[in-house]
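Trainee: output the structure for:
(chains A and B)
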2 protein chains.
Amino acid sequence: MQKLYNFGPHKLCENQVFYKSKFCIGLVNLKPITPGHVMVIPRRIVPRFAEMTSDEATDMILSAQTIGKVIEKEFDATSLTMAMQDGPQAGQTVPHVHMHIIPRKAGDWANNDDIYDELDGKQAAGVKRVDNDERKPRSIDEMKEEAEKLRPFFNQHED
Amino acid sequence: MQKLYNFGPHKLCENQVFYKSKFCIGLVNLKPITPGHVMVIPRRIVPRFAEMTSDEATDMILSAQTIGKVIEKEFDATSLTMAMQDGPQAGQTVPHVHMHIIPRKAGDWANNDDIYDELDGKQAAGVKRVDNDERKPRSIDEMKEEAEKLRPFFNQHED
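Mentor: Residues are numbered from 1 along each chain as shown, chains lettered A, B, ... in the order given. Model (predicted):
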């Protein structure tokens, strides 16, 4: 049996988890905006950033730093876009804090911040930007493979 | 004499600083994207997020949390957009880590994430999105007034 993790009302398979710290996990994405686009979320279902404990928030930022260093290098990027849509009016559609970490490189987007339209499309697909649905979801196997590739780079906290 | 703070190669006046923690400061913006759009930066000139010490990164996220709660309430918002453009290929133009904290409310932007185009325009004005230069810079007095309004909400760390 695979362990399941909460992401708001959704259940995530362990397959998709490449990083585990005491209070957070790191996930690969179903529809990454760029190769290596991952997310860090608290283990606990916490809808808004303000509701995270100090331990959770600290763990999230240090995890993001650790993960960011690895994915920037492993996906041949030179920069990172980091974003949190904190609350529905900021475009958050899953009521569970999630920090996006997106490897960036020269020319990956014609306009540097078109990336955020993609981010939006991904999260609100079918609602606001149906065109972005063109980005096909990956298979479970693809996600599993990416998570397996990333997992050895990190110390994994026991569940 | 006003104390000056570093923001990459730029010098910031104390007038513009509304928040001081041990490792970070909080600044009001010359050209806020929405009312209450502020930034948290480390006191030390640190170009990339990966180069922050754990103390600095922890301080930054806890400061962002503290500041976010206050500005969301004080600017009658219901959500927050939080973003870091970490490196030039992510749109960072000042080589000094800065986390944007942007109060959001329903209908503030036709498309929720047009906000990021504005963010881009602000940071790369005259380079990529000259049209966003239409947002007039505020006067020193306006920024000073906003910083003065916000300062009492926070414990201020001695310089």
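
Trainee: hey, where'd the helices end up in chain A?
Mentor: For chain A, applying DSSP state H gives helices covering A:54-74, A:114-123, A:140-150.

Trainee: can you list those in a markdown table and add mean neighbour count and mean pLDDT?
Mentor: Backbone N, C-alpha and C define where each C-beta goes, glycine included. Listed next are the helices of chain A as a markdown table, based on neighbours: other C-beta atoms under 10 Å in any protein chain shown; pLDDT from 0 to 100:
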| stretch | mean neighbour count | mean pLDDT |
| --- | --- | --- |
| helix A:54-74 | 21 | 98 |
| helix A:114-123 | 22 | 58 |
| helix A:140-150 | 16 | 96 |
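
Trainee: out of the ones you listed, flag the one nearest B:Thr58.
Mentor: Among the helices of chain A, the nearest to B:Thr58 by C-beta to C-beta is helix A:54-74 (4.8 Å).

Trainee: report the central residue of chain A.
Mentor: Centrality entry for chain A: nearest residue to the mean C-alpha point is A:Met39, 1.6 Å, by C-alpha atoms, centre = their mean.

Trainee: so how far is chain B from it?
Mentor: Here the criterion is C-beta to the nearest C-beta, to the nearest Å. By it, A:Met39 lies 14 Å from chain B.

Trainee: tell me who's in contact with that residue.
Mentor: A:Met39 makes contacts with A:26-27, A:29, A:98-101, as judged by C-beta atoms under 8 Å, 6 or more residues apart in numbering or on different chains.

Trainee: which helices and strands does the longest strand along chain A pack with?
Mentor: The longest strand of chain A (DSSP state E) is strand A:79-86. Strand A:79-86 sits against helix A:54-74, strand A:99-104, helix A:114-123, strand B:79-86, with contacts defined as 3 or more C-beta pairs under 8 Å, 6 or more residues apart in numbering or on different chains; DSSP states H and E.

Trainee: distance to B:Tyr5 added to the ones you listed, as a markdown table?
Mentor: Below are those laid out as a markdown table (distance: least, C-beta to C-beta, whole Å):
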| stretch | distance to B:Tyr5 |
| --- | --- |
| helix A:54-74 | 22 |
| strand A:99-104 | 26 |
| helix A:114-123 | 28 |
| strand B:79-86 | 19 |
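
Trainee: for B:Ala147, find the nearest of the ones you listed.
Mentor: Closest approach to B:Ala147 among those is made by strand B:79-86 (19.0 Å; C-beta to C-beta).

Trainee: direction included, what does that closest one pair against?
Mentor: Next to strand B:79-86 in the sheet, as set by DSSP bridges, lie strand A:79-86 (antiparallel), strand B:99-104 (antiparallel).

Trainee: so where's chain A uncertain?
Mentor: A:110-115, A:117-135 (pLDDT under 70).

Trainee: residues in contact with the longest strand of chain A: which ones?
Mentor: A:48-50, A:64, A:68, A:71-72, A:91-92, A:97-105, A:115-116, A:119, A:123, B:49, B:68, B:79-92.

Trainee: how near is A:Lys20 to B:Arg48?
Mentor: Per C-beta to C-beta, to the nearest Å, A:Lys20 is found 25 Å from B:Arg48.

Trainee: before we move on, the earlier item: just put the helices of chain A in TSV and tack on distance to chain B.
Mentor: As requested, the helices of chain A are arranged in TSV below (distance: least, C-beta to the nearest C-beta, whole Å):
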stretch	distance to chain B
helix A:54-74	4
helix A:114-123	3
helix A:140-150	17
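
Trainee: tell me the one of the contacts of A:Met39 nearest B:Lys3?
Mentor: Nearest to B:Lys3 among the contacts of A:Met39, with distances taken as C-beta to C-beta, is A:Met99, at 32.4 Å.

Trainee: my guess is that closest one contacts A:Leu62. True?
Mentor: No. Here A:Met99 does not reach A:Leu62: they are 11.6 Å apart, not a contact under C-beta atoms under 8 Å.

Trainee: quick one: which two of the contacts of A:Met39 are the most distant?
Mentor: Maximum distance among the contacts of A:Met39 (C-beta to C-beta): 12.6 Å, for A:Asn29 and A:Met99.

Trainee: so for these two, which residue has more residues nearby?
Mentor: A:Met99 (26 against 19; other C-beta atoms under 10 Å in any protein chain shown).

Trainee: between the longest strand of chain A and helix A:54-74, how big is the angle?
Mentor: Put simply, strand A:79-86 runs at 150 degrees to helix A:54-74, going by axes from the mean of the first three to the mean of the last three C-alpha atoms, to 10 degrees.

Trainee: circling back to that earlier point, could I get the contacts of A:Met39 as CSV with distance to A:Lys149?
Mentor: Formatted as CSV, the contacts of A:Met39 follow (distance: C-beta to C-beta, whole Å):
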residue, distance to A:Lys149
A:Gly26, 13
A:Leu27, 14
A:Asn29, 14
A:His98, 21
A:Met99, 21
A:His100, 19
A:Ile101, 16
